[in-house]
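Undergrad: Give the three-dimensional model of this entry:
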Amino acid sequence: MRKKQISQEKINEYILEARCNEKLLFSVHKISSLLTRPISLDRILTAIVKETSKVFGFTRVALFLKDKHSNLLECKYLIGFQPHEKARSLRLPFHMDKHDCIETSVVKSGKTIFIKDYQNDKRVTDIDLKVSRIQKRVSTLAVPLKIKKDVIGLIEADKNDIKMQLTQRDIKSFSIFANQASIIIDNARLQARNERRIKQLLSWQEVETDIIGESDGIKHVLKLTYMIAKSHDTTVLIEGETGTGKEIIARALHYHSSRVGKPYISINCGAISKDLVESELFGYEKGTFTGGLQEGKKGKFELADGGTLLLDEVSELIPSVQVKLLRLLEEREFYPVGGTEKKSVDVRIIAATNKSLEQEIKIGNFREDLYYRLNIAKISLPPLRERKDDIIPIALFFMNKFNVRHGKNFQGISEEAKKILVDAPWTGNVRELRNAIERIILMEEGNIIEPHHFTFMIHSQDVFARKGKMDTAVHMSVPGKEASGYPGRQRVYPIMDAPDNELFREALQHFIRQDTLQGPEKSISAMIREALLHSREKKMVSSSSSLKEGLDLDELNRSLLIQALQICEGNKTRAAKLLGISRPTAVYRINRYGLNKEIAK
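TA: Residues are numbered from 1 along each chain as shown. Take a look at the predicted model:
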């Protein structure tokens with residue numbers, strides 16, 4: 001039997017093809033392995049583009065993906081281009097219905113397009129010629145990214161100004177690679193969607209458990225919240241004092257609505273500079289600001305498209321932004337700062353305020369017509385002092401929450417402590433109660449929350465109601481002065497009740513810890529310790545009646561400053577160091593509170 005002879009040229013061709021296939025398979029495996037790691041879709045797209053260049057020898061590669069909602073073909077990643085070319089490609093997407101070019105043709109037809117020579121190919125459009133002149137492109141290969149029959153984008157590659165001589169085998173290999181890349185991209189997108197969904201479900205669960213209440217007031221609020229959430233785009237106004245839980249209600253509105261799974265964005269209108277609030281809300285176009293982002297910036301409304309935007313402290317909006325917000329509420333369209341084209345958004349707007357907007361209208365700070373557009377559905381949150389039935393359940397909820405966070409094992413609240421909680425004014429509402437419980441869980445030991453755990457509250461709301469007066473004083477001799485030739489001198493230290501001692505000790509902690517005034521005599525910090533030791537012997541205040549008055553911050557500062565000046569014998573520099581503040585600040589407060597007479601005494 002005669003054997004068939006294979007030429008050396010054919011053998012070399014088979015070897016070359018086998019090597020190419022091996023390289024191709026290795027590259028696909030490398031990209032696929034990325035799915036097993038917690039990396040972003042952008043990282044996977046970057047890897048696909050780099051492997052395309054490496055395996056097939058292209059000098060320039062660009063990857064485009066189609067956005068189903070906007071019908072735009074967006075360039076997601078590219079390599080080998082000049083900076084200005086790269087910026088232009090990333091900034092200016094192709095519109096599938098408006099732009100006729102190679103890229104949109106590949107996505108529409110789902111077929112590979114190879115342009116060997118731009119000047120002599122009838123498929124080249126005016127847009128293609130314009131791009132080729134900018135990028136100095138002679139030929140290009142564009143391959144669709146397909147999942148079954150659905151085209152999700154394309155990969156486009158070339159070799160700069162070199163006319164490519166590609167065989168059918170080269171194009172087929174590139175198509176095989178693109179098909180595998182499509183599957184990897186689709187899986188990465190699915191993985192990203194699942195991760196977002198898990199986060200949303202966890203957030204939803206947190207919303208469910210954070211709304212605690214048994215009073216009629218909060219039950220009415222929850223009933224109203226779930227009723228309004230059923231609407232898709234009704235604007236909502238939430239009113240309530242600081243700390244009543246306005247943001248929790250806003251999140252509940254979002255997560256119980258048909259917009260769940262879409263963005264939920266919150267912005268505090270009072271926390272943004274008045275010069276920047278408009279650009280933060282509406283975004284800005286390229287070149288609008290010196291020092292702004294080169295590509296411009298999306299505003300909160302655009303980022304929340306499809307979802308919900310919470311405008312917290314809406315009463316703080318400046319008049320010019322109020323006008324623009326009114327127009328957006330009416331038309332659902334807006335102009336970015338420096339922009340000439342309108343942008344449309346589908347977003348539910350929730351406005352929250354701790355002020356009376358009716359009163360703000362009367363004094364001219366808020367537009368009446370904007371108020372009526374916001375006040376379509378209104379939820380008023382009652383303060384905690386009006387829903388005393390909720391105080392203990394909320395306290396127990398936070399106790400369990402912070403037990404887990406801080407590794408503690410508090411099991412309950414004593415009856416005396418419950419009375420303190422219920423009788424407290426809670427001017428900061430749920431936020432203040434939350435912070436109080438967290439402080440106790442973090443700082444105290446035991447299994448039951450007891451009345452003495454609330455001494456910091458009794459102090460802050462009672463002792464400084466005395467307007468900074470010193471009831472008693474303890475006189476202590478400064479040891480060592482007689483030996484140095486100075487007559488014995490008496491220094492005056494205030495006697496403080498145990499709650500006074502707690503907060504005063506905290507205020508002086510910096511000084512005591514540093515012990516900066518050590519000298520040949522007994523240190524000032526040692527004398528402070530003695531005064532504090534003496535004050536600890538006083539009977540601790542346990543009555544909850546002192547909680548009826550709120551904390552006056554000026555009186556707190558004044559009282560601490562008087563005590564520091566007493567200890568330091570009127571020396572302003574040492575008193576400032578004692579309190580951990582600068583001397584100019586101390587002098588300013590002395591003048592402000594009229595304490596020069598106290599120093600003279």
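Undergrad: quick one: terminal-to-terminal distance for stretch 286-305?
TA: Across stretch 286-305, the terminal residues are separated by 21 Å (C-alpha to C-alpha, to the nearest Å).
Undergrad: Average pLDDT for it, rounded please.
TA: For stretch 286-305, mean pLDDT rounds to 80.
Undergrad: list the buried ones in that stretch?
TA: By neighbour count on 16 or more other C-beta atoms under 10 Å, the buried set for stretch 286-305 is 288, 292, 296, 297, 298, 299, 300, 301, 302, 303, 304, 305. For the C-beta atoms, the positions are set from N, CA and C on the backbone; glycine is no exception.
Undergrad: what does stretch 215-222 give?
TA: Per 16+ other C-beta under 10 Å, stretch 215-222 contains these buried residues: 215, 217, 218, 221.
Undergrad: Return the list of helices and strands in contact with the helix or strand harbouring the last one.
TA: Looking back up the chat, that one is residue 221. Following DSSP states H and E, one finds residue 221 within helix 216-229. Contacts defined by 3 or more C-beta pairs under 8 Å, 6 or more residues apart in numbering; DSSP states H and E place helix 216-229 against helix 246-255, strand 377-380.
Undergrad: Residues touching it, excluding its own?
TA: Defining contact as C-beta atoms under 8 Å, 6 or more residues apart in numbering, one finds that helix 216-229 is touched by 211, 213, 234, 236, 249, 252-254, 256-257, 377, 379-382, 386-387, 390.
Undergrad: Please spell out the PyMOL selection for the buried subset of those.
TA: Listed next is the PyMOL selection for buried residues among those, using 16+ other C-beta under 10 Å:
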select buried, resi 213+236+249+252+253+254+256+257+377+379+381+382+387+390
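Undergrad: on that earlier part again, out of the buried residues of stretch 286-305, flag the one nearest to residue 166.
TA: residue 296 (38.1 Å; C-beta to C-beta).
Undergrad: Let me know whether that closest one touches residue 285 as I believe.
TA: Yes. Between residue 296 and residue 285 there is a contact under C-beta atoms under 8 Å: 4.8 Å.
Undergrad: list the residues that contact both of those two?
TA: Taking C-beta under 8 Å, 6+ apart as the criterion, residue 296 and residue 285 both touch residue 336.
Undergrad: Compare the helices and strands packed on helix 216-229 and report which one is nearest to residue 179.
TA: Among those, helix 246-255 comes nearest to residue 179, with 38.7 Å by C-beta to C-beta.
Undergrad: buried sites along the helix or strand following that closest one?
TA: Sequence order places strand 264-268 as the next helix or strand after helix 246-255, per DSSP H and E. Within strand 264-268, the residues that count as buried by 16+ other C-beta under 10 Å are 264, 265, 266, 267.
Undergrad: Relative to residue 74, which of these is nearest.
TA: residue 265 (21.6 Å).
Undergrad: nearest spatial neighbour of residue 129, skipping sequence neighbours?
TA: Nearest residue to residue 129, sequence neighbours excluded (C-beta to C-beta, 6 or more residues apart in numbering): residue 118, at 6.7 Å.
Undergrad: ok, back up a step: for the record, mean pLDDT for the helix holding residue 221?
TA: For helix 216-229, the per-residue pLDDT averages 91.
Undergrad: just how off-centre is it within its chain?
TA: Centroid separation for helix 216-229 versus its chain: 27 Å, with C-alpha atoms, centre = their mean, to the nearest Å.
Undergrad: what does stretch 416-428 give?
TA: For stretch 416-428, the distance to the chain centre is 32 Å (C-alpha atoms, centre = their mean).
Undergrad: now do stretch 172-179
TA: Centroid separation between stretch 172-179 and its chain, computed with C-alpha atoms, centre = their mean, is 42 Å.
Undergrad: can you pull the buried residues of it?
TA: Neighbour-count burial for stretch 172-179 flags 173, 174, 175, 177, 178 (criterion: 16+ other C-beta under 10 Å).
Undergrad: Which members of those residues are positioned in strands?
TA: Judged by DSSP state E, the buried residues of stretch 172-179 include no members of strands.
Undergrad: Out of these, which comes closest to residue 111?
TA: Looking across these and measuring by C-beta to C-beta, the closest to residue 111 is residue 175, at 9.9 Å.
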